[in-house]
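Asker: Here is my input, please return the structure:
(one chain, ligands or ions: 1)
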Amino acid sequence: MGFGISSQEGLIVKCRVCGGLLEHRVTDLPFKIGDSSIVVVKALPVLECRQCGETEMEDETMRRVDQVLAGVEPSSELEVIRFAA
Ligand SMILES: [Zn+2]
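Answerer: Okay, the predicted model is just below:
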């Protein structure tokens, strides 16, 4: 679908909760940093289970999220960041 995740094309990824099929989606997810900071990452590419709604991130996405979160000002309570692929 043009999200640049071709490295996993052809590989069927299954939900670790229910074993259902995962499909690529773009969504907004909140991440908690430290004791009091919440970062909302928008337009994040994830894999979502069709059956139970569990979301998973691919390793590459996870690494980028880590980088994004590392750059957040720790003193801010709520930060909204658009994920740039
Ligand atoms: Zn599931």
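Asker: Now residue 52: closest residue in space that isn't a chain neighbour?
Answerer: Among residues not flanking residue 52 along the chain, residue 18 sits closest, at 4.7 Å (C-beta to C-beta, 6 or more residues apart in numbering). C-betas here are computed from N, CA, C, even on glycine.
Asker: Residue 54 is in contact with the one you found, correct?
Answerer: Yes. Look at residue 18 against residue 54 with C-beta atoms under 8 Å: they come within range, at 7.3 Å.
Asker: Stretch 66-74: end-to-end distance?
Answerer: With C-alpha to C-alpha, to the nearest Å as the measure, stretch 66-74 spans 14 Å from end to end.
Asker: Go ahead and name everything in contact with it.
Answerer: By C-beta atoms under 8 Å, 6 or more residues apart in numbering, the residues outside stretch 66-74 that reach it are 31, 33, 34, 37, 39, 41, 79, 81, 83.
Asker: Filter the residues you listed down to the ones in helices?
Answerer: Among the contacts of stretch 66-74, no member is found in helices (DSSP state H).
Asker: min pLDDT across those, which one?
Answerer: Lowest-confidence member of these: residue 34, scoring 85 (pLDDT).
Asker: Can you pull the poorly scored residue ranges out of this protein?
Answerer: Applying pLDDT under 70 to the chain flags the ranges 1-12, 85.
Asker: Which stretches in it count as strands?
Answerer: 22-33, 37-49, 55-56, 78-82 (DSSP state E).
Asker: Most tightly packed of those?
Answerer: Of all those, strand 37-49 carries the top mean neighbour count, a mean of 18, counting by mean count of other C-beta atoms under 10 Å.
Asker: is it anywhere near the ion?
Answerer: Yes. Contact of strand 37-49 with the ion (C-beta under 5 Å from the ion) involves residue 49.
Asker: list the helices and strands that strand packs on?
Answerer: Packed against strand 37-49 by the contact rule (3 or more C-beta pairs under 8 Å, 6 or more residues apart in numbering; DSSP states H and E) you find strand 22-33, strand 55-56, helix 59-70, strand 78-82.
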